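Trainee: Here is my input; please provide its structure:
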Amino acid sequence: MAEIPEFTTRPELAGTFGMVASTHWLASAAGMAVLEHGGNAFDAAVAAGLVLQVVEPHLNGPGGEVPVIAHHAGRGETFVLCGQGTAPAAATPEAFAALGLDLVPGSGLLAACVPGSFGAWMLMLREFGTFRLRDVLGYAIGYAAGGYPLLPAISWGIASVAGLFRDHWPSSAEVYLPGGRVPAPGSRFANPALAATYQRILDEAEAASQDRDEQIEAARRAYYEGFVAEAIAAYVASAEVLDVTGRPHRGLLSHADLAGWRPRLEEPLTFEFGGLTVCKTQPWGQGPVFLQQLALLDGFDLRAMGPGSADFAHTVTECGKLAFADREAWYGDPDFADVPVKALLSAGYADERRRLAGPEASAGLRPGSPDGRTPRLPDFVTRAGTGDDESAAPSLDAEPPRLDPGTGEPTMRTSGPGQTGPAASSHRAGDTCHLDVADRFGNMVSATPSGGWLQSSPVIPGLGFCLGTRAQMFTLTPGLPATLAPGKRPRTTLTPSLALRDGEPYLAFGTPGGDQQDQWSLLFFLNHLTFGMNLQQAIDFPSFHSAHMPSSFYPRQAQPRVLDVESRAGAPVIDELRRRGHLVNVRPAWSLGRVSAVARRDGILYAAANPRGMQGYAAGR
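Mentor: This next block holds a predicted model:
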């Protein structure tokens, strides 16, 4: 068994008052400030989430989305808050076919769904929080108006699209190229237009009523029915915007789409594993793939394999391939599709599928047949020849395709200045934001905000933020669970996690990372639960992930048998994985994953955050 290092990059925090962990220290600090002023976990999460929209604009924004899983101690309820917006009424496969497109572009305006994050944060604040709107929104307004130290990754991200901004997206250049130049890493950067948008929402809300709840509802209306929606609709209706196709297109989102949308509270999907009840979103997100992996791994003696061993990495990878293959065939918005979730998570189905995890790395994409149904895969999978062809394998020597830097998950191609080639393109592949909060009242929140990042779509003039591109996760192949349809939620990658012990919140965790989210967070979870690591040890431990499954992002490519492994895994493990047929990419020592977590155990609160990326932080006492 691999030795679990006693040394950790940071301490596992422990206390009894409150804990906040997130992907940016300023968001964690804002959340902790709210707890210190008497707020609960929901107040703190809203404040932190709104700050993330300002200080990580390359990873999320007010035009993006957020799924939340949380537990309210007073009500004894664990719930999912769906802040994933829906496709516009005009968004149909036929509309894209008329434009000569067989994929939804990964940048520009065509891929915009209804922005869900602001509405979701407002619903959480109104229904579960205690603070007034001013008390949680003020932190974001302050950073947008007064500025904040710019992360190097933001500067690199802006640099990667500076030419596009100057030549084609002037509204973005106005915000992100002050003085016509890329702002330097560490410089103080402000977004006055966004500050003015937030401030006007607050002013209109407070003018509408003295009542707390009515103010929050007025803020929602200002966004989805008032001046924000009007500005979005006017721009989308008039602007023809260059996107990754190399052609300009108008968007499809309308005022009616925004006005008609509401965030939703839902029941979580759950699975029992290791004495815990693990809670994830319904299959409009990829969350069930985490539960499917647990169901498959439950039949192996992981403890005997040991953490970090080749046996462990191989077994987790092969089970992951099977679960993600089911994601491609079966997941989608359950309001529109009959997703066989119960069958996918059944013990019998897991037993049947587990037999496919052999001693060698598989090359095919092999969805199962839950309830005897015949699986179908999207055209972008079958065209690429990555279905059940076990001989499929890419060359690791091949240069990856040159894509618009605004497509896919942010920072995939913005690892730093002067970096080229395959290693650079994936050095920090997959990013979004994440936050976790636990308070002294027994409440716990896990949220994964994303979308509306600065590289993907032009800034809406006068608002200071851009729309999201989440519709690129739909398929245009007819008749599948994830096929594009008006009013439908895309099958998102965003996937917060919460685990209960005996009905009480035990652990909230998650990570940025697109298709890697339910891989990196799974490793953390197994490190903690199966191998007994504390939260920080589990985060720090060497990580890996598979690139075998089709990407959820344009242009939807897969890399069969490719396995990214941090170099700290060690040469013997890497050599053995290669012997078993994995195409191993050795990645830098601290490059894969940005997990954060909070926990509650025996009356003590705990928290930990990721050293990778050098920006995540936990705070608490």
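
Trainee: so who does the closest residue to E566 other than its chain neighbours touch?
Mentor: Closest residue to E566 in three dimensions, ignoring its sequence neighbours and counting by C-beta to C-beta, 6 or more residues apart in numbering: P542, at 4.6 Å. In this view, the C-beta of every residue, glycine as well, is placed from N, C-alpha and C. Shown in contact with P542 (C-beta atoms under 8 Å, 6 or more residues apart in numbering): 308, 565-566, 568-569, 589.

Trainee: would you turn those into TSV with secondary structure, neighbour count and distance to P478?
Mentor: Rendered in TSV, the data for the contacts of P542 read as follows (DSSP: H, G, I helix; E, B strand; the rest coil; neighbours: other C-beta atoms under 10 Å; distance: C-beta to C-beta, whole Å):
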residue	secondary structure	neighbour count	distance to P478
G308	coil	23	44
V565	strand	23	38
E566	strand	22	41
R568	helix	19	46
A569	helix	23	43
A589	coil	12	46
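
Trainee: Need these in JSON lines (columns: pLDDT and distance to A162).
Mentor: JSON lines is the format used below for the contacts of P542 (pLDDT from 0 to 100; distance: C-beta to C-beta, whole Å):
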{"residue": "G308", "pLDDT": "96", "distance to A162": "41"}
{"residue": "V565", "pLDDT": "98", "distance to A162": "33"}
{"residue": "E566", "pLDDT": "97", "distance to A162": "31"}
{"residue": "R568", "pLDDT": "97", "distance to A162": "35"}
{"residue": "A569", "pLDDT": "97", "distance to A162": "36"}
{"residue": "A589", "pLDDT": "96", "distance to A162": "30"}
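
Trainee: Any chance of JSON lines for those residues, columns distance to G15?
Mentor: Formatted as JSON lines, the contacts of P542 follow (distance: C-beta to C-beta, whole Å):
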{"residue": "G308", "distance to G15": "30"}
{"residue": "V565", "distance to G15": "35"}
{"residue": "E566", "distance to G15": "30"}
{"residue": "R568", "distance to G15": "30"}
{"residue": "A569", "distance to G15": "33"}
{"residue": "A589", "distance to G15": "30"}
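
Trainee: Could you work out the most separated pair of the residues you listed?
Mentor: The most widely separated members of the contacts of P542 are G308 and A589, with 13.3 Å between them, by C-beta to C-beta.

Trainee: how far away is the residue nearest to E566 from F336?
Mentor: In this view, P542 and F336 are 40 Å apart by C-beta to C-beta, to the nearest Å.

Trainee: what's the answer for F324, then?
Mentor: 21 Å.

Trainee: Which one's more surrounded, these two?
Mentor: Set side by side, F324 and F336 show more neighbours around F324, with 25 against 16, by other C-beta atoms under 10 Å.

Trainee: Look at that one and report its pLDDT.
Mentor: The model reports F324 with a pLDDT of 98.

Trainee: for this structure, where's the lowest mean pLDDT among helices and strands?
Mentor: Sorting the helices and strands of the chain by mean pLDDT, DSSP states H and E puts helix 421-426 at the bottom, at a mean of 33.

Trainee: Check which helix or strand G348 maps to.
Mentor: Counting by DSSP states H and E, the secondary-structure element that holds G348 is helix 347-354.

Trainee: Pull out the buried positions in that helix.
Mentor: Using 16 or more other C-beta atoms under 10 Å as the burial criterion, the residues of helix 347-354 that qualify are 349-350, 353-354.

Trainee: which one of those is nearest A41?
Mentor: Minimum distance to A41 across those is 33.5 Å, recorded for A350 (C-beta to C-beta).

Trainee: Contact partners for the nearest residue to that closest one once chain neighbours are set aside?
Mentor: Setting aside the residues directly before and after it, A350 is nearest to A295 in space (C-beta to C-beta, 6+ apart), at 4.0 Å. Contact criterion C-beta under 8 Å, 6+ apart gives 271, 345, 347, 349-350 as the residues in contact with A295.

Trainee: tell me the contacts of G451?
Mentor: Applying C-beta under 8 Å, 6+ apart, we find G451 in contact with 60-61, 63-65, 115, 117, 468-470.

Trainee: Next one, pLDDT for it please.
Mentor: Among the per-residue scores, G451 shows a pLDDT of 95.

Trainee: and it, what are its phi and psi?
Mentor: Here the main-chain torsion angles of G451 (degrees, to the nearest 10) amount to phi 80, psi 160.

Trainee: And it, how close does it get to V20?
Mentor: 22 Å.

Trainee: go on, E6?
Mentor: For E6, the distance to V20 (C-beta to C-beta) stands at 26 Å.

Trainee: try L592
Mentor: Looking at L592 against V20, where the rule is C-beta to C-beta, the gap reads 24 Å.

Trainee: coming back round to it: next up, phi/psi of the residue nearest to E566, please.
Mentor: Backbone torsions of P542, given as degrees, to the nearest 10, read phi -50, psi 140.

Trainee: For H528, see how far away it is.
Mentor: 15 Å.

Trainee: re the thing from before, I'd like the contacts of A295 as JSON lines, with distance to G260 appended.
Mentor: Conversion of those to JSON lines gives the following (distance: C-beta to C-beta, whole Å):
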{"residue": "F271", "distance to G260": "34"}
{"residue": "L345", "distance to G260": "33"}
{"residue": "A347", "distance to G260": "41"}
{"residue": "Y349", "distance to G260": "37"}
{"residue": "A350", "distance to G260": "40"}
